[in-house]
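Undergrad: Generate a structure from the sequence data that follows.
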Amino acid sequence: MTMRSHWMIWRISIWRSERKIPEQENRPALPVFIMKKGTHTDKKQTAWIHTVKKLTAWFHTEKQAYPWRRERTPYSVWISEIMLQQTTVATVIPRYHQWMEKFPSLEALAKSNEQEVLREWEGLGYYSRAKNILKTAVILNEKTGFPSTPGELTALPGIGPYTAAAISSIAFGRPHPVMDANVKRVFCRFLHFKTLNSEQEREITRTLNTWIRMTEPGPFNEAVMELGQRICVKKNPSCSFCPLGDGCLAYKRGDQNSIPEVKSKKYRAHESSVFLLTDSRKLLIKQSRGNLLKGLWLLPKVPHTDDKGREVFIKKHLAREFSLVGEFKPLIHAYTINRERLYPFHYKVIKKIHLPAEEYRWVEKKSLSRYPFPSVYRKIIQSW
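TA: Here you go, the predicted model:
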């Protein structure tokens, strides 16, 4: 090597060290692939780039106009993603609008109380989500905003890896793939994984980490999630409309309907007699003490029994004198793995007994809207 060559290398190294690199924090990391031309890896990466382009093109053309997509702020992404856990999009859309009217900002949410938040969450189920939302809002309001990395986000109450990746990618443009049931189903079919063990899940994660760096992280994650919601559904997927169809191994082999194998859920069934105890225009309500429904209000109840059993329980625990007014159609209260059949009975209370104020309240009918109830209890109350 000549003296001039050494000098040129030295000058280039100095230029690189002095060069000011613009801030790229909110931009997706560019993919770095080391490929030998003509190899299997080269062909695979080329096919993947083509597939990712088709996926994102499909999303930009076919994406739904969900209200949380109007402004992709950390707050809107966070609230929508928490609401969408275990809840259908059709159910969430009107509830999201209501939530944003009540709590339009992180600051407004942080200044509210648990009863207000639970009342607004009523009917969405899994009420610990609402409690954690309030806890996180208070923390973030004190810190003046959202962190942008999954590690910081998962340190907050109620934010797991999935929600953290969604916020980080959609609101901040960071290349962190989401992994929920829809995404797993899409890639189980694409990679032909009949069941999902830990090694196959790691393979899906590796694939997602590669693909997300080939495009914009936020739209990529939204595209995969929406594909699972609308096209690559559990039963009878619309494979002819799928942008991943050309590379999907399950579709090529014709067994997309049987992949992935689904294990049937086991539910715990039980029955309860529920009491609408009224005194003129007032109703007796009881605050839940259980972990799953803590903070919500219910109607007094007992394991389902006959007329005599109900009367004995009411006389011992709820009222001295009463008379049966009527009964209502049974309803199902479904929460987590529980399927509780509720048999509502309306009794008029003639003579009350003293009840602990921290657990029971007599509430005017017009004031009941201020109290948070599970939706099935709200239906029973509305039949009064």
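
Undergrad: so Tyr347 sits in a helix?
TA: No: under the criterion used here (DSSP: H, G, I helix; E, B strand; the rest coil), Tyr347 is strand, not part of a helix.

Undergrad: And what about the residue nearest to it when sequence neighbours are not counted, helix, strand or coil?
TA: Computed as Cβ to Cβ, 6 or more residues apart in numbering, the closest residue to Tyr347 that is not its neighbour in sequence is Phe322, at 4.6 Å. For glycine as for every other residue, the C-beta is placed from the backbone atoms N, C-alpha and C. With three-state DSSP as the basis, the three-state label of Phe322 is strand.

Undergrad: can you pull the contacts of the most centrally placed residue in the chain?
TA: Taking Cα atoms, centre = their mean as the criterion, Gln85 is the residue nearest the geometric centre of the chain, at 1.9 Å. Gln85 sits next to Tyr126, Arg129, Thr163 when contact means Cβ atoms under 8 Å, 6 or more residues apart in numbering.

Undergrad: Now do the same contact list for Tyr371.
TA: Applying Cβ under 8 Å, 6+ apart, one finds that Tyr371 lies in contact with Gln115, Arg119, Ile285, Trp297, Val363.

Undergrad: Mind doing that once more with 10 Å?
TA: By Cβ atoms under 10 Å, 6 or more residues apart in numbering, Tyr371 lies in contact with 115, 118-119, 122, 283, 285, 287, 296-297, 361, 363, 377-378, 381.

Undergrad: Scan those and report the most crowded one.
TA: Sorting those by how many neighbours each has (other Cβ atoms under 10 Å) puts Tyr377 first, at 25 neighbours.

Undergrad: what packs against the helix or strand hosting that one?
TA: Element membership for Tyr377 (DSSP states H and E) is helix 375-382. If you count contacts as 3 or more Cβ pairs under 10 Å, 6 or more residues apart in numbering; DSSP states H and E, helix 375-382 packs onto strand 268-279, strand 282-287, strand 297-298, strand 331-335, strand 338-352.

Undergrad: Would you single out the least confident of those?
TA: Of all the helices and strands packed on helix 375-382, strand 331-335 carries the lowest average pLDDT, namely a mean of 86.

Undergrad: pLDDT-wise, which helix or strand of this protein ranks last?
TA: Of the helices and strands making up the chain, the lowest-confidence element is helix 3-18, at a mean of 40, by mean pLDDT, DSSP states H and E.
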